[in-house]
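Visitor: Build me a structure from this.
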Amino acid sequence: MRDEIAHSFDLASASASAGAGASQGGVGREPGRAASFIPGAAAGFSAAFLARGIACRASEVLALGHGLCFAKSHLLAALLRFAGHPTGFCYARLSDDERPGRFTLHGFVGCFEPTRAAWVLLDPRGNRGGAGGLESVCRFDPPYSLAYAPDPARGESLLPFVYKRPAKRIVDFLERVPDSAAMRRNLPDSIG
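Guide: Numbers count the residues shown, from 1 in each chain. Purely as a prediction, here's the structure:
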């Protein structure tokens, strides 16, 4: 499993480094080169629960015009990698409000920002968790900008790794789930 991890980090040092980078003109509140890809990657793509077809690959998100956070992350990672930015896959384990007592994963990307010598976490859903995230402003707010930020008081957590490849369990799930109703009922709660 170690060969699948591009980077590990802890949130305390990520927060400190993000604050320092922002004050030194790094990514901060003004999007850096990597963060500037987010609006193009997220614009016009809707949530997938009620849409036809389930996207997994970046090309499927483009073809279908929608995707879950996982699929949108696959698209964003492809765009960032194409532009030469070291990019990997990240996950947060969150409580599932529609299924009390259960958890689900949220997917996003980690991108190395060389001007700050740090990994930044970018969420193609934007900064708020509204329907589809399309009303969101896509920007980077240190230490990370997630549509759904983990709340430790609810048992939620950020998985502290940037993975080189999407989690096999996520890819298998997206490729095998028969329809959006089954997808919603069976969202993965772990990557292993």
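Visitor: Not counting its neighbours along the chain, what's nearest Pro86?
Guide: The shortest distance from Pro86 to any non-neighbouring residue, by Cβ to Cβ, 6 or more residues apart in numbering, is to Phe112 (4.1 Å). Quick note: C-beta positions are derived from backbone N, CA and C, even for glycine.
Visitor: which intervals of the protein have sub-threshold pLDDT?
Guide: Where the chain drops to pLDDT under 70, the residues are 1-51, 126-145.
Visitor: Where do the helices of it begin and end?
Guide: In the chain, the segments counted as helices under DSSP state H are 11-23, 38-42, 58-64, 69-82, 168-176, 180-185.
Visitor: Return the set of residues that bridge with the residue nearest to Pro86.
Guide: With DSSP bridges as the criterion, Phe112 is bridged to Trp119.
Visitor: Confirm for me that it is in contact with Leu121.
Guide: No. If you go by Cβ atoms under 8 Å, Phe112 and Leu121 don't touch, sitting 11.2 Å apart.
Visitor: Between these two, tell me which one has more neighbours.
Guide: Higher neighbour count among Phe112 and Leu121: Leu121, with 22 against 18, using other Cβ atoms under 10 Å.
Visitor: From Pro166, how far out is the residue nearest to Pro86?
Guide: Phe112 sits 17 Å away from Pro166, going by Cβ to Cβ, to the nearest Å.
Visitor: what do you get for Gly101?
Guide: As for Gly101, its distance to Pro166 is 27 Å (criterion: Cβ to Cβ).
Visitor: Same check on Phe173?
Guide: For Phe173 relative to Pro166 (Cβ to Cβ), the value is 11 Å.
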